[in-house]
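> Pasting the sequence and the predicted model now:
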Amino acid sequence: MPKDPLADGPENDPPQHMSTHTNSHSAPAPAVPTDDARQSAVPASAPSQNAATPLPAETAVSSAASSQSPSPYLSKAHCEPDPNLVVDPRADEDYTPDEPVSKRGLQYTKKQDQVDRMGTAKLGRLILEFAIPSIVGMVINGSYNVIDSVFLGLKLGETGLATITVATPVMTMSMAVGVLVGAGGNALAAIKLGEGKRDATERVLGNAFILTIALALFCTLAVQLFMDPVLHLSGSTPEVHGSAHTFISVFSLGFILQFFGMGFNNFIRTAGDPNRALYTMVIGLLAGIAFNYLFVMVLNIGILGSALATVIGQGVTAATVFYYFAFSKKAPFKLRRPAFQLSLRLMANICALGSASFFLQAAMVVLNLILNNQLVLYGATDPIAAPGALAAFGVMQRIAMFSFLPILGISIAVQPIMGYNFGAHSYDRVKRAFNISLAWVSSFGVFFWLILHLFPHPIVAMFGVEAGLYDFTIKGTQIQMFMMPLVGLQVLVAGYFQATGQPLKSMFVSLTRQLLFLVPLLYLLPMLLPRLLAVSSLQSLYYTYPIADLLSIVTSGSMILVEWRRLDRLSQPAKKHHPAAAG
């Protein structure tokens, strides 16, 4: 039986590196490799199964003869011309992704450098490079729901908005399954890359692909067979039952496209190509917008047209992602035949690491189900009625989601960076990456808080909200997002624990807001708050969100402070072996 490349063992452990002491008043003298060392350099046509763990650029490198598998990353400061070695005259700016470049007897490729820079490049610039495509990608991915609401709201009014609100639990559940595999496989792949185990990374990719197909088929069959119970749980009313049935039926047929396109897009960022990850999302969104306009506004297909447009857009994204990993020569790890060797243990690890993201989205499903039923219950006793309550809260949820997506995008973008450096034992660098990201998510929170208080009317009007629901929707949105400047901490803490292979902690942090705090408040406040304030039971549902946000922020902040003390203890032995590891 072939040995599992993910198993622990000497052959899978990255080799230890030795530092060369240099004179502080002169440049480090390049070590001249011996003939044996030059002959043992790894050719590009047959790369080593395990690349060495990269060292920061500040660390001096010993001679090539000191290790059979030298570091794949060398800074230019340590690449002086060697009189005993012929160096490629074209320089590293001109070589192709798969072409080796000789530097002091070592071989590495541009694709390896693309990944290894996560452990050496300046963090601010590196996070910015990863964050911009990730933010735009998350906004694009979440825009599918917003686009459906906008077109159906403008065309069908309250009925169109209520239909999307009823369909939201199914749409959110599909995202949950997609990120289960995508986020879990991505986290595991980043850790393995940080450890220098590239063959193991491809096995992660291949098993994630198989798992995605199996889950997509299962979920599609389940929704189609149990459509009526699903609609009942989602709070469907007689007015929107038929339209919601149509939308969900068509949407569920595209699960396999959504799971793959959204989930495997995360792997492209781990491959060190965030701009391509953005490109795959953009073309899918543009296709969704174009077909929504064509089907809903021009051809008057309505609900059916909007669902078809969403599936087509997701299919375009899935096709571009598949092409990259199956056929592109620029991918540092690919979907090759050996990568499809089935491993139930590996699939279990993927699901374990992705469980935090999954349960976060699954908690949103539970939350939406409870909220929709509470809206129907208390909306029936309110002047705006149940369909109006569903429509208004549906708009609130989409505004909140759209504001929240950039924060989630930053969290996802920094995860491969934190995971890579955690695997390389660069704990100080992990903490610095977290702190930089925290400043960014807080800035986004403040920005959206101001926008919602300065320009609420144009934002609400964009969804085609009827005049009778204007004031209710605006007030509810502003109260619901009161804690927006601080909510990024909880998201970032959950992302950190996921990226560093601590799924149970990540899951707990993710579930604190949605289940531990928010669900009880949805039942308690409508009964208690009208007795204390001049608000109706329906309006009391506004206030559940800022209270739950505050409680979850305190919980996650306490947990990350404990984790920082643990990393401080771990970093001490790491610094003894690698003095520059914090770079």
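Done, it's in. Numbers count the residues shown, from 1 in each chain.

> can I assume residue 548 is in contact with residue 520?
No: between residue 548 and residue 520 there is no contact under Cβ atoms under 8 Å: 9.0 Å. Yep, even glycine has a C-beta here, placed from its N, CA and C like the rest.

> who's more crowded, the two?
residue 548 (24 against 12; other Cβ atoms under 10 Å).

> Distance-wise, check that one relative to residue 339.
Distance of residue 548 to residue 339, computed by Cβ to Cβ, to the nearest Å: 42 Å.

> so what are the domain limits for the protein?
24-108, 119-577 (automatic domain parsing).

> could you pull out the strands for this protein?
Remark: strands assigned in the chain by DSSP state E are 101-103, 106-108.

> which stretch in these is the model least sure about?
Mean pLDDT is lowest for strand 101-103 among the strands of the chain, at a mean of 33.

> longest helix of the protein?
helix 385-423 (DSSP state H).

> Could you pull up the mean pLDDT of that one?
In the prediction, helix 385-423 has an average pLDDT of 85.

> go on, stretch 302-311?
90.

> Equivalent analysis for stretch 565-583, please.
On average, stretch 565-583 scores 64.

> Stretch 336-344 now?
80.

> and if you look at stretch 256-272?
In the prediction, stretch 256-272 has an average pLDDT of 82.

> mind listing what's buried in it?
Within stretch 256-272, the residues scored as buried using 16 or more other Cβ atoms under 10 Å are 256-272.

> ok, residue 559 to residue 502 distance?
Taking Cβ to Cβ, one finds residue 559 at 10 Å from residue 502.

> Apologies, that question was intended for residue 318.
For residue 318, the distance to residue 502 equals 30 Å [Cβ to Cβ].

> Which one's more surrounded, these two?
When residue 318 and residue 502 are compared for neighbours, residue 318 comes out ahead with 23 against 17, by other Cβ under 10 Å.

> In space, what's closest to that one - neighbours in sequence excluded?
residue 261 (3.7 Å; Cβ to Cβ, 6 or more residues apart in numbering).

> Contact partners for that neighbour?
With contact set as Cβ atoms under 8 Å, 6 or more residues apart in numbering, residue 261 has these partners: 280, 284, 314, 315, 317, 318, 321.

> Give me the neighbour count for the closest residue to the fifth one other than its chain neighbours.
When you say that, I think you mean residue 317. Of all residues not flanking residue 317 in the chain, residue 284 sits nearest, at 3.2 Å (Cβ to Cβ, 6+ apart). Neighbourhood size, residue 284 [other Cβ under 10 Å]: 31.

> Might one say that residue 274 is in contact with residue 133?
Yes: using Cβ under 8 Å, residue 274 makes contact with residue 133 at a distance of 3.9 Å.

> what is in contact with those two at once?
residue 413.

> the more surrounded of these two?
Per other Cβ under 10 Å, whichever of residue 274 and residue 133 has more neighbours is residue 133, with 25 against 21.

> Residue 478 versus the closest residue to that one other than its chain neighbours, what's the distance?
Among residues not flanking residue 133 along the chain, residue 278 sits closest, at 3.4 Å (Cβ to Cβ, 6+ apart). Here the criterion is Cβ to Cβ. By it, residue 278 lies 31 Å from residue 478.

> quick one: which of these two has more around it?
Using other Cβ under 10 Å as the criterion, residue 278 and residue 478 rank with residue 278 on top: 20 against 17.

> so the more buried one touches residue 138, yeah?
No: at 10.2 Å, residue 278 does not count as touching residue 138 under the criterion of Cβ under 8 Å.

> residues bridging contact with those two, i.e. touching both?
Counting by Cβ under 8 Å, 6+ apart, no residue touches both residue 278 and residue 138.

> Can you get me a residue count around residue 241?
Burial measure for residue 241: 15 neighbouring residues, criterion other Cβ under 10 Å.

> one step back: residue 140 is in contact with the residue nearest to residue 317, correct?
Yes: using Cβ under 8 Å, residue 284 makes contact with residue 140 at a distance of 7.2 Å.

> Now do stretch 502-514, average pLDDT.
Averaging pLDDT along stretch 502-514 gives 83.

> hang on, the earlier thing: and the domains of the chain, which one averages the lowest pLDDT?
Looking at those, the bottom one is domain 24-108 with a mean of 38.

> Can you report how many residues neighbour the nearest residue to residue 235 once chain neighbours are set aside?
The shortest distance from residue 235 to any non-neighbouring residue, by Cβ to Cβ, 6+ apart, is to residue 372 (3.0 Å). By the criterion of other Cβ under 10 Å, residue 372 has 26 neighbours.

> so what's residue 372 up against?
Contacts for residue 372 (Cβ under 8 Å, 6+ apart) come out as 165, 166, 168, 169, 234, 235, 390.

> Quick check: ChimeraX command selecting the buried ones in those residues.
With 16+ other Cβ under 10 Å as the criterion, this ChimeraX line picks the buried residues out of those:
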select :165,166,168,169,234,235,390
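
> and which of the contacts of residue 372 is nearest to residue 347?
Using Cβ to Cβ, residue 169 is the member of the contacts of residue 372 that lies nearest residue 347, at 26.0 Å.

> Touching, that closest one and residue 231? I think so.
No: in this structure, residue 169 is not within contact of residue 231 by Cβ under 8 Å, at 9.8 Å.

> Quick test: name the residue nearest the centre of the protein.
Nearest residue to the geometric centre of the chain (Cα atoms, centre = their mean): residue 412, 3.7 Å.

> Spatially, which residue comes closest to it, not counting chain neighbours?
Closest to residue 412 by Cβ to Cβ, 6+ apart is residue 134, at 5.3 Å.

> who are the neighbours in contact with that neighbour?
Contacts of residue 134 (Cβ under 8 Å, 6+ apart): 269, 274, 277, 278, 409, 410, 412, 413.

> so which of those residues comes closest to residue 288?
The nearest one, if we look at the contacts of residue 134 relative to residue 288 and count by Cβ to Cβ, is residue 278, at 15.6 Å.

> Would you mind measuring from the closest one to residue 562?
35 Å.

> Could you do residue 403 as well?
Separation of residue 403 from residue 562 (Cβ to Cβ): 29 Å.

> Comparing those two, which residue is more hemmed in?
With neighbours defined as other Cβ under 10 Å, residue 403 and residue 562 compare such that residue 403 has more, 22 against 9.

> mind listing the helices for the stretch 101-250 of the chain?
Secondary structure of the stretch 101-250 of the chain (DSSP state H, counting those that start in this stretch): helices at 110-116, 123-156, 158-194, 198-225, 227-233, 241-252.

> between the last one and helix 158-194, how big is the angle?
This means helix 241-252. 20 degrees (axes from the mean of the first three to the mean of the last three Cα atoms, to 10 degrees).

> in helix 241-252, what's buried?
243, 244, 245, 246, 247, 248, 250, 251, 252.

> could those be laid out in TSV, adding distance to residue 343?
What follows is the buried residues of helix 241-252, written out as TSV (distance: Cβ to Cβ, whole Å):
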residue	distance to residue 343
243	43
244	40
245	39
246	40
247	37
248	34
250	35
251	32
252	29
